[in-house]
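Q: from the sequence below, what's the structure:
(one chain, ligands or ions: 1)
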Amino acid sequence: MIIIGEKINGSIPSVGQAIERRDAEFIRGLAKRQAEAGADYLDVCAGTSPDKELDALCWLIDLVQDTVDIPLCVDSPNALILRQVLPRVRQNGIINSVSGEGDKCEVIFPLMKGNDWKVIALTCDGKGISSTAQRKLEIAQRLIGKAAEYGIGPERMFIDPLVLALSAVNDSMLSFMEALRQIKKEYPTVKTTSGLSNISYGAPYRKAINLNFLTLALSAGMDSAIIDPTNRDAYATILAAEALLCQDKFMRRYNKAYRLGRIGPVKAAQ
Ligand code: THG
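A: Alright, predicted model coming up:
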């Protein structure tokens with residue numbers, strides 16, 4: 001599982017405040033802890049009002065890449081902002097995101113020519129968020145087709161089938177899983193991803209929903225997740241599910257994570 005660390009996101013209140021007062025040490029701490037916990041990419045999202053976003057995102061990008069050596073997943077709802085910040089990113093990572101909405105693809109895909117930047121593509125368009133597996137697949141097909149026109153292969157794309165809240169849509173998980181299966185069947189080299197919090201929105205004891213979401217999504221072919229890698233339960237759930245699904249030969253990674261103290265009970269300080 002490719003882990004995208006979610007913590008550097010201004011929509012988390014404590015992080016939003018740290019960004020507002022340009023508290024570099026706070027953000028550096030988030031970057032270091034997520035890197036140590038095993039993140040493959042770090043999501044960076046300013047989550048501020050549009051007039052402040054460009055400055056805040058530039059500050060975050062410079063700071064995080066001066067602190068850790070792992071690639072970024074640059075997250076903005078605004079394709080024009082993504083285009084403006086990309087030149088200052090030193091290590092090619094993931095652009096988060098494009099979708100079938102407006103001219104996002106036309107702004108982003110040309111930036112991916114002749115390099116190995118990857119992109120997250122959300123399965124929504126001008127008609128809104130797709131709720132059936134069929135619609136999710138159709139939008140994915142359209143986005144993958146459009147990327148191909150710019151010479152971008154499916155192996156550089158992470159499809160995010162946008163899971164809806166279970167409290168609002170009864171079969172949300174089933175259509176999400178069905179979409180994952182169909183997308184992976186049609187495009188074996190494409191990657192799939194998702195955030196973790198939408199599924200449990202509006203439900204009590206969200207942790208139980210979130211952790212089971214991870215297991216079920218992994219079994220349906222999800223390759224990546226945008227999560228908090230310092231959340232030991234989430235990390236252990238991923239490693240356990242991978243071992244159970246025969247994606248971890250001789251449980252090597254599970255055992256190693258335990259030995260390193262990344263999963264399992266926290267040992268008391270000596
Ligand atoms: N898809 C894509 N990008 C995304 C999302 C997605 N970017 C933003 C979001 N969804 C993913 N990022 C977050 C960041 C923080 C939280 C949820 C989603 C969050 N964090 C709590 C906190 O830090 O306090 C709880 C963390 C925990 O569970 O341990 O709520 O869906 N492409």
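Q: the residue of the stretch 101-250 of the chain found nearest the ligand: what's it in contact with?
A: Using C-beta to the nearest ligand atom, the closest approach of the stretch 101-250 of the chain to the ligand is made by Gly195 at 2.4 Å. (C-beta placed from N, C-alpha, C; glycine too.) Applying C-beta atoms under 8 Å, 6 or more residues apart in numbering to Gly195 gives the contacts 6, 160, 163, 225-227.
Q: taking those together, which two end up most distant?
A: Pairwise distances among those were taken by C-beta to C-beta; the largest, 14.8 Å, belongs to Glu6 and Val163.
Q: for those two, indicate the residue with more neighbours.
A: Counting neighbours by other C-beta atoms under 10 Å for Glu6 and for Val163 shows that Val163 has the greater number, 27 against 24.
Q: which bits of the stretch 1-150 of the chain sit near the ligand?
A: 6-7, 9, 12, 45, 75, 96-97, 120 (C-beta under 6 Å from any ligand atom).
Q: could you dump those residues to TSV with pLDDT, secondary structure and distance to Gly153?
A: Formatted as TSV, these follow (pLDDT from 0 to 100; DSSP: H, G, I helix; E, B strand; the rest coil; distance: C-beta to C-beta, whole Å):
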residue	pLDDT	secondary structure	distance to Gly153
Glu6	98	strand	27
Lys7	98	strand	30
Asn9	98	strand	29
Ile12	97	coil	34
Cys45	98	strand	26
Asp75	98	strand	23
Asn96	98	strand	19
Ser97	98	strand	18
Ile120	98	strand	15
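Q: related to what we said a few turns ago, go through the contacts of Gly195 and name the one nearest Ala56.
A: Nearest to Ala56 out of these is Glu6 (C-beta to C-beta; 16.9 Å).
Q: give me the domain ranges for the chain.
A: Recorded structural domains for the chain (assignment: automatic domain parsing) are 1-91, 93-195.
Q: could those go into JSON lines alongside distance to Asp248?
A: Supplementary listing: the domains of the chain in JSON lines, determined by distance: least, C-beta to C-beta, whole Å:
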{"stretch": "domain 1-91", "distance to Asp248": "10"}
{"stretch": "domain 93-195", "distance to Asp248": "18"}
